[in-house]
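Peer 1: Need a 3D model of the following:
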Amino acid sequence: MDSGEHGENSLDDPFGVAERRRARRNMLPLVGGQAVSLFGDYIAFFSLPYFILALTAEPIDLGLTAAAETLPMLLFGLVAGVILDRWRNLRGALIAVDLARAGVFAGLAFAAANGAGTRWLVFGVAFIIGTLSVFFDSGLQTLMPSVIDDDMLIDANSQLAVARMATYSIGPLVGGILIALSGGFAVAFLINAATFLLSALFLTMLRVVHDRPGVSSEAFRDSLVDGLRFLLDDPRLRWATLGGTLTNLVFQPLEALLVLFVVTEVLDQPATAVGDLTEVGASIGLFYALNAAIGAIGAVFAPRISARVPLGTMYVVGLFMVGGGFLALALIGSFIAVIPAGLTFAGMAWVNVSLTTMRQRLTPPELLGRVIAASRTLAWLGLPIGAALGGMIAGQIGVVPVYVGGSLLVLGIATFLLGTALVRDPVMADPHDEAPATNAGD
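Peer 2: Predicted coordinates:
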């Protein structure tokens, strides 16, 4: 049971009208709160690597920052899943995590304002934020089926994807302008801290509609194994997770190095240390804003696409968009490349919406936290490795070859997945449209 609240009594409300109304009311704080939080996230998504670039101008440090933020998923992801399935007041836990994240970014803002920023401080902040996000991101996906109805999941996940793309289009631009106007990073970090406080406030407005399963008395190790076993036994979840692992391995360097690519290849500026980069901050933010705006348009169409094609097919098509978009970005190398870059982010939205909804649709409620966390942990295996290696390789041979090679590998992964159960055994977004599996044993 979450937060001590119960869904509507079926005897008092036999047709579930009040329950349905309650679920719809939850959509606004669910999506709105995360939109506010994501706005701050994308100020930090731009400002944190920009900060380390301004401090050291070293590609390896960009890779290590991204690695530090993603490593906690590998260290704590499976454990987090078991804890989430045993946590009675899941909403309260998410609020506590938001408050902690606000405190961390407030501390970073203080350090930046007083000239105390170092690469090791950035690495430490990235690791702490990554650890807290392990619990929050998996926890939010686990909480969703208890605060909205099953057939609302695709709409909620799509709206979250739209919010992600929309805030990604605004956050970096705002961050770039703030840095350019103030000549520093403290204000950008402080705004991110404030958005976490607002996210926590929105979470207090959520009300439970569907009771979560009772807490299991099973041994901790056995609980962890049960989640992994279910994930690996379902061929669609297994292939989607493996596809995520391989894609993250080769795609993470491209995302981690994007700010460097824009500076050196799009804006044709040298990647120098403190002071010089603040002058082009607004231009970098504009590039981020435009490609994310194009990505948001793609995310808006996610519910319509999912109503016509199975989620696994949508996942694979999204991967083709990711690889093709960044390949075109690397080959064009000018500001007009913002258009194919936007295609990449639209593809990312389709991949995330389809995978998140599949996990929520196919997993029993009592295993949901463990399966989500296990899937995200395995899918994130490639992130810290890819980020660190990508930064090292870019430092040796340049950023463009990294982009070309990574994009081609993503296209290869998508092509391979066309022949798996992910495409052959369809899962529809609406449970009423579900088609019977044709080969669930693959």
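Peer 1: Packing partners of the helix or strand containing Ala163?
Peer 2: Assigned by DSSP states H and E, Ala163 belongs to helix 153-182. For helix 153-182, the packing partners by 3 or more C-beta pairs under 8 Å, 6 or more residues apart in numbering; DSSP states H and E come out as helix 17-56, helix 119-147, helix 186-203, helix 281-300, helix 302-306, helix 338-362. In short, each C-beta sits where N, CA and C put it, glycine included.
Peer 1: Where does the prediction get shaky in the protein?
Peer 2: For the chain, residues meeting the criterion pLDDT under 70 lie at 1-16, 57, 182-184, 212-220, 270-282, 429-442.
Peer 1: still on that earlier bit, could you single out the most deeply buried of the helices and strands packed on helix 153-182?
Peer 2: Among those, helix 338-362 has the highest mean neighbour count (mean count of other C-beta atoms under 10 Å), at a mean of 24.
Peer 1: what angle sits between that one and helix 153-182?
Peer 2: 140 degrees (axes from the mean of the first three to the mean of the last three C-alpha atoms, to 10 degrees).
Peer 1: need the next SSE after helix 338-362, C-terminal direction.
Peer 2: That would be, after helix 338-362 and using DSSP H and E, helix 368-379.
Peer 1: which helices and strands does that following helix pack with?
Peer 2: Applying 3+ C-beta pairs under 8 Å, 6+ apart, we find helix 368-379 packed against helix 59-86, helix 119-147, helix 220-233, helix 235-256, helix 338-362.
Peer 1: helices or strands up against the last one?
Peer 2: When contacts are defined as 3+ C-beta pairs under 8 Å, 6+ apart, helix 338-362 sits against helix 119-147, helix 153-182, helix 235-256, helix 281-300, helix 302-306, helix 311-332, helix 368-379.
Peer 1: what comes into contact with the shortest one?
Peer 2: Just to be clear, that refers to helix 302-306. Where contact means C-beta atoms under 8 Å, 6 or more residues apart in numbering, the residues beyond helix 302-306 that reach it are 154-155, 157-158, 161-162, 314, 349-350, 353-354, 357, 428-429.
Peer 1: Ala93 is in contact with Leu143, correct?
Peer 2: No. Using C-beta atoms under 8 Å, Leu143 makes no contact with Ala93, being 9.3 Å away.
Peer 1: so can I have TSV of the helices and strands packed on helix 338-362 showing distance to Gln396?
Peer 2: Below are the helices and strands packed on helix 338-362 laid out as TSV (distance: least, C-beta to C-beta, whole Å):
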stretch	distance to Gln396
helix 119-147	20
helix 153-182	27
helix 235-256	13
helix 281-300	24
helix 302-306	38
helix 311-332	17
helix 368-379	28
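Peer 1: Quick check: which of those helices is nearest to Thr420?
Peer 2: helix 235-256 (4.4 Å; C-beta to C-beta).
Peer 1: helix, strand or coil for Gly115?
Peer 2: coil (DSSP: H, G, I helix; E, B strand; the rest coil).
Peer 1: ditto for Val208
Peer 2: Going by three-state DSSP: Val208 is coil.
Peer 1: OK, contacts around Val427?
Peer 2: 236, 310-312, 358, 361-362, 434.
Peer 1: One more: Leu71?
Peer 2: Per C-beta under 8 Å, 6+ apart, neighbours of Leu71: 127, 130, 384.
Peer 1: For the second one, give me its contacts.
Peer 2: Going back to what we said before, that points to Gly130. Counting by C-beta under 8 Å, 6+ apart, Gly130 touches 68-73.
Peer 1: Which two among these are spaced furthest apart?
Peer 2: Across the contacts of Gly130, the longest distance by C-beta to C-beta is 11.5 Å; it joins Ala68 and Met73.
Peer 1: Give me the more crowded residue out of the two.
Peer 2: Neighbour tally, Ala68 and Met73, criterion other C-beta atoms under 10 Å: the higher count belongs to Met73, 25 against 21.
Peer 1: separation between the more buried one and Gly130?
Peer 2: As for Met73, its distance to Gly130 is 7 Å (criterion: C-beta to C-beta, to the nearest Å).
Peer 1: And Leu355, by the same measure?
Peer 2: For Leu355, the distance to Gly130 equals 20 Å [C-beta to C-beta].
Peer 1: One more: Arg236?
Peer 2: From Arg236 to Gly130 the distance is 28 Å (C-beta to C-beta).
Peer 1: same thing with Arg119?
Peer 2: Where Gly130 is concerned, Arg119 sits at a distance of 16 Å (C-beta to C-beta).
Peer 1: What residues of the helix holding Ala163 count as buried?
Peer 2: Buried positions in helix 153-182, judged by neighbour count with 16 or more other C-beta atoms under 10 Å: 153-176, 178-180.
Peer 1: cool, and stretch 73-85?
Peer 2: For stretch 73-85, the neighbour count (16+ other C-beta under 10 Å) marks 73-74, 76-78, 80-85 as buried.
Peer 1: Distance to Asp137 added to these, as CSV?
Peer 2: Shown next, in CSV, are the buried residues of stretch 73-85 (distance: C-beta to C-beta, whole Å):
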residue, distance to Asp137
Met73, 9
Leu74, 14
Phe76, 12
Gly77, 10
Leu78, 14
Ala80, 9
Gly81, 12
Val82, 16
Ile83, 14
Leu84, 11
Asp85, 15
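Peer 1: These: which two are farthest apart?
Peer 2: Among the buried residues of stretch 73-85, the pair separated by the greatest distance (C-beta to C-beta) is Leu74 and Asp85, at 19.5 Å.
Peer 1: check contacts around the closest residue to Leu331 other than its chain neighbours.
Peer 2: Using C-beta to C-beta, 6 or more residues apart in numbering and skipping the chain neighbours, the partner closest in space to Leu331 is Val404 (7.4 Å). Val404 sits next to 327, 330-331 when contact means C-beta under 8 Å, 6+ apart.
Peer 1: mind listing what the closest residue to Arg20 other than its chain neighbours touches?
Peer 2: Distances taken as C-beta to C-beta, 6+ apart place Asp149 nearest to Arg20, at 6.6 Å, with adjacent residues excluded. Asp149 is in contact with 19-20, 23, 209-210, counting by C-beta under 8 Å, 6+ apart.
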